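# Can you look at this prediction? I've put the sequence above it.
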Amino acid sequence: MIKRLFVSIILVSLVFITEPLRDGRFDKAEAQPSSQPNIVLIYMDDLGYGDASCYGATGLKTPNIDRLAKEGLRFTDGHSAAATCTPSRYALMTGEYAWRKKGTGVLPGDASLIIETGETGGPARVTLPSLLQKAGYQTGVVGKWHLGLGPQGGPDWNGEIKPNPNDLGFGYSFIMAATGDRVPTVYLENRRVVGLDPADPIQVDYNKKIGDWPTGRENPELLKMHPSHGHDMTIVNGVSRIGYMAGGRRALWKDEDMADLYASKAVSFIERNKNKAFFLYFATHDPHVPRLPHPRFAGKSGMGPRGDAIIQADWCVGEILNTLDQLRLARNTLVIFSSDNGPVVDDGYKDDAVEKLGGHKPAGPLRGGKYSNFEAGTRVPFIVRWPGRVKPGVSDALVSQIDLLASFAAFTNQSLGDADAPDSFNVMPALLGKSKAGREHLVEQASVLSLRDGQWKYIEPGRGPKIQRNTNTETGNDPDGQLYSLAGDLGETSNLITKYPDRAKEMAARLQQIRLNNRSRP
């Protein structure tokens, strides 16, 4: 009798320990690191809505991304906050639309940090990592950063780089400053350039040539991948980049090894924190340009380096999932998978991406892509997996990466101040599959702003070309504005602005009100 009573007490205790959630949030008494699920955010770069086989791709196979979709909740209306990288990442980190803040466009590699840390006298910005760090999480970022580094005027590459991600809530960081096609082509671990020889200091300039390193413009014979437009400045590893650089030879990266290194750093972070609650932001570089996948992936897709880079990115996802399995962490880990913006094929290098595209449609059924006001600019793959907690399936709820901050604030029972995360909504019930409803409206950012209101989409009047000359992407610019009903026209083929002028005016007014207000969060 006593033995049976003891077993019953143990079973009740186990149920209590493994049931931390009530309606998408923790009970306050249980908000301890040991009872919190780990969180892994896998963030691709330029991966389009139609680039993964679980989203309809047939020419490419992405078994690890597909595994996430099979075991999790696949969203068909999930969005980045903008159609380019820096503003999307800014919104992801801060919960604020990037268009509200000057200086959040696509940054050069020597830009200063654009998120406030409080070191200059103003208030520190609440960020996704700082929120989770406060909740007891060990926090780390591995991969692409592209939100600036250092104080006003940019970082000192040869000394301590501060402020940086470690000042925004990340306890560990292993990053590239900007993108693979921008200098400096070095890694940073926490506050310093990895492997830097003090006798060979790094110099970076985006306005004039410095040093005597060859450039793509002057020395095309030294290139192993030629630019299609721009990207003709300093050559590193046989590839000419944006910007000029000299010095730091011992610290230079090799593009072909980048995915392996990032994956190994991410795995190491998980292993180090396996007995604690952790948040890992794993931001791959693939399939952004320049696309130089490791030799074991080169030529495997049949679509040239872009397809190979997607296969390589899928392998990275597999490395994360396999590590979680091996450490028996999968059931206690919430994995979110997405991309910073829509796809682009030719984005500056002659890498056969256009010639070998074949029947593959990177945007799937959507119109546009990276840089575009059409849906493919921001509607991206978006998957949530949490075994035993999130029921596998498909959701058409409207959700955005900008909502992660408010959602995880609710998830960890934390309150946000009025100035915090001004455009982030708590959509955690939708993310966990407990509700079919997400946001009611969403502002999409490209060359102009667009407003989603349910299945209606209004694109404000835009100047400029209808086709971006360099990338051959439809911009979605129209001097008269546009209105689409996505419920029956997902490809945005029929502009209804003359048919429903009152709805267009109403949505234009609402967009203007959101623009004028300092926040849209309820």
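Here it is on my side, so go on.
# Got phi/psi on the residue nearest to L490 when sequence neighbours are not counted?
Excluding the flanking residues, the one nearest L490 by CB to CB, 6 or more residues apart in numbering is P365, at 5.4 Å. No exception for glycine: its C-beta is placed from N, CA and C like everyone else's. With angles defined as degrees, to the nearest 10, P365 sits at phi -80, psi 0.
# mind listing the helices for the stretch 101-250 of the chain?
128-134 (DSSP state H, counting those that start in this stretch).
# same thing with the chain?
With DSSP state H as the criterion, the chain has helices at 2-17, 63-71, 85-94, 128-134, 258-272, 305-326, 404-411, 428-431, 501-516.
# Can you check the pLDDT for the nearest residue to V126 once chain neighbours are set aside?
The shortest distance from V126 to any non-neighbouring residue, by CB to CB, 6+ apart, is to D420 (4.3 Å). Looking at D420, its pLDDT is 98.
# try F269
On the pLDDT scale, F269 gets 98.
# neighbours of it, just the number please.
24 (other CB atoms under 10 Å).
# Who are the contact partners of it?
F269 sits next to G140, V142, Y172, F278, L280 when contact means CB atoms under 8 Å, 6 or more residues apart in numbering.
# Double-check P184 against A177; I have them as touching.
Yes - counting by CB atoms under 8 Å, A177 is a contact partner of P184 at 6.2 Å.
# which residues are common contacts for these two?
Joint contacts of P184 and A177 (CB under 8 Å, 6+ apart) are G109, D110.
# on that earlier part again, deepest-packed of the helices of the chain, please.
The highest mean neighbour count among the helices of the chain, using mean count of other CB atoms under 10 Å, belongs to helix 85-94: a mean of 27.
# That helix relative to helix 404-411, how many degrees between them?
Per axes from the mean of the first three to the mean of the last three CA atoms, to 10 degrees, the angle that helix 85-94 makes with helix 404-411 is 10 degrees.
# Buried residues in stretch 362-378, which are they?
By neighbour count on 16 or more other CB atoms under 10 Å, the buried set for stretch 362-378 is 362-364, 366-378.
# Kindly indicate which of the residues you listed lies nearest R100.
T378 (16.4 Å; CB to CB).
# which residues touch the closest one?
Taking CB under 8 Å, 6+ apart, one finds H79, S80, A81, A82, A83, S88, N341, G342, E444, Q445, A446 in contact with T378.
# With S450 instead?
Taking CB under 8 Å, 6+ apart as the test, what S450 contacts is N373, V443, E444, K457, Y458, I459, E460, G476.
# Can I get those residues in TSV including distance to H231 and pLDDT?
Compiled in TSV, the contacts of S450 are given as follows (distance: CB to CB, whole Å; pLDDT from 0 to 100):
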residue	distance to H231	pLDDT
N373	25	98
V443	31	98
E444	27	98
K457	33	98
Y458	35	98
I459	30	98
E460	31	98
G476	25	96
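# Span of stretch 207-227 from start to end?
Stretch 207-227 has an end-to-end distance of 19 Å (CA to CA, to the nearest Å).
# what's that stretch in contact with?
Stretch 207-227 is contacted from outside by 203-204, 231-235, 238-240, 244-247, 290, 292, 348-351, using CB under 8 Å, 6+ apart.
# and it, which residues are buried?
W213, T215, G216, L223, M225, P227.
# again with stretch 151-170
In stretch 151-170, counting by 16+ other CB under 10 Å, buried: 151, 154-155, 157-158, 161-170.
# Next: stretch 244-262.
244-248, 251-253, 255-256, 258-259, 261-262.
# Over to stretch 464-475?
Q468, T471, T473, E474, T475.
# rewinding a little: which among the contacts of T378 gets closest to S415?
Distances from S415 to the contacts of T378, taken by CB to CB, are shortest for A81, at 22.8 Å.
# So what's the residue count around that closest one?
29.
# Report pLDDT for it.
A81 is given a pLDDT of 98.
# now swap in G464 and tell me
Among the per-residue scores, G464 shows a pLDDT of 88.
# What sits closest to it if chain neighbours are left out?
N477 (4.8 Å).
# And the pLDDT for that neighbour?
Listed pLDDT for N477 reads 96.
# cool, and S13?
For S13, the predicted pLDDT is 38.
# returning to that earlier point: show me the contacts of T378 that map onto strands.
Of those, the ones assigned to strands by DSSP state E are H79, E444, Q445.
# The last one pairs with what?
By that I understand Q445. Under the criterion DSSP bridges, Q445 forms beta bridges with A82, L449.
# Make 45 the first number, not 1, from now on.
Happy to do that; since the first residue is 45 now, the last one works out to Q489.
# And N539, how close does it get to F418?
Separation of N539 from F418 (CB to CB, to the nearest Å): 11 Å.
# for the record, mean pLDDT for stretch 132-142?
98.
# So what's the residue count around Q182?
For Q182, the count of nearby residues is 20 (other CB under 10 Å).
# Kindly report the same for P167.
P167 has 11 nearby residues by other CB under 10 Å.
# if I pick it, what's in contact with it?
Taking CB under 8 Å, 6+ apart, we find P167 in contact with E160, A463.
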